[in-house]
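Novice: Give me the fold of what follows.
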Amino acid sequence: MPCLSVARKTLIFQCFQKYRYLTSAFERPAIQQLLDDVRAFKVNCIIVKDFSRFGRNSIEVGYFTQQVFPLFDVRFISVSDGFDSDNHKGDTGGMAVTFKYLVNEYYSRDLSMKTKTSKYMKMQKGEYKNGVYCYGYKRGEQGEMIINEETADTVRLIFTLSSEGKTTTDIIRELYKRTVFNKGNHA
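Specialist: Below you'll find the model as predicted:
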């Protein structure tokens, strides 16, 4: 394991974790902090479980692992993938590494699409079981989405105003006049 040899020689002074962020988003605060530390020469080794834990955008992952990290002399280790940048000085790690970047990106997109499709199908059947419901709906006893009678009049008003040709701005003004501010009033 490449990680064991590093652990014997390296002091780990900071750990970053992805918590409630998509791994495809390089805008995660922890990743931004890590990259700032790389640019400030505070980091000399990054260890991840696998490439997908660092990111799932093949272009961005490749950019950092093949260009940015070598520029700042940062060693990059992906434990499950058996990748250690020290073993690939001057090359990209080969086709297998590039293929893993692409597979991770495809998997992320495919999973996202399947999740959206599944939620949409459940909504169609009235089985939508999510923590947040559209304005005008609430959770039923079985977890199904049902009409929220407390907000039903507001929803009907919105549809009526819209069918009369009112603009979104006109509808919002009317809701403010009637002190219907937002969903939070009926939560």
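
Novice: Show me how this structure divides into domains.
Specialist: Domains of the chain are assigned by automatic domain parsing as 2-96, 137-186.

Novice: Pick the most deeply packed of these.
Specialist: Ranked by mean neighbour count, the domains of the chain are led by domain 2-96 with a mean of 15 (mean count of other CB atoms under 10 Å). Every C-beta, even on glycine, is put in place using the N, C-alpha and C of the backbone.

Novice: wait, doesn't D86 sit right on D73?
Specialist: No: using CB atoms under 8 Å as the test, D86 is too far from D73 to be in contact (10.7 Å).

Novice: ok, back up a step: of the domains of the chain, which approaches S112 most closely?
Specialist: domain 2-96 (8.3 Å; CB to CB).

Novice: Strands of the protein, residue ranges please.
Specialist: 45-48, 75-78, 83-84, 137-139, 145-147 (DSSP state E).

Novice: Throw the domains of the chain into a markdown table and include mean pLDDT, thanks.
Specialist: Listed next are these as a markdown table, based on pLDDT from 0 to 100:
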| stretch | mean pLDDT |
| --- | --- |
| domain 2-96 | 74 |
| domain 137-186 | 83 |
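
Novice: May I see these organised as CSV, with distance to Q124 added?
Specialist: Formatted as CSV, the domains of the chain follow (distance: least, CB to CB, whole Å):
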stretch, distance to Q124
domain 2-96, 25
domain 137-186, 10
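
Novice: So for L111, which of the ones you listed sits nearest?
Specialist: Closest to L111 of the domains of the chain is domain 2-96 (CB to CB; 9.6 Å).

Novice: what's the spacing between the closest residue to V68 other than its chain neighbours and A30?
Specialist: Leaving aside its sequence neighbours, V68 sits nearest to V38 (CB to CB, 6 or more residues apart in numbering; 7.0 Å). According to CB to CB, to the nearest Å, V38 stands 13 Å off from A30.

Novice: So the residue nearest to V68 sits against P70, correct?
Specialist: No: with contact defined as CB under 8 Å, V38 does not count as touching P70 (11.1 Å).

Novice: Name the residues contacting each of D86 and D73.
Specialist: By CB atoms under 8 Å, 6 or more residues apart in numbering, D86 and D73 have no common neighbours.

Novice: which residues in the chain form helices?
Specialist: Ranges of helices in the chain, per DSSP state H, are 2-9, 29-39, 51-54, 58-63, 69-71, 94-124, 149-163, 168-177.

Novice: could I get those as a markdown table with distance to Y133?
Specialist: As requested, the helices of the chain are exported to a markdown table (distance: least, CB to CB, whole Å):
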| stretch | distance to Y133 |
| --- | --- |
| helix 2-9 | 44 |
| helix 29-39 | 28 |
| helix 51-54 | 31 |
| helix 58-63 | 34 |
| helix 69-71 | 44 |
| helix 94-124 | 10 |
| helix 149-163 | 10 |
| helix 168-177 | 19 |
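
Novice: I77 is nearest to which of these?
Specialist: Evaluated over those, closeness to I77 peaks at helix 2-9, with 5.1 Å, by CB to CB.
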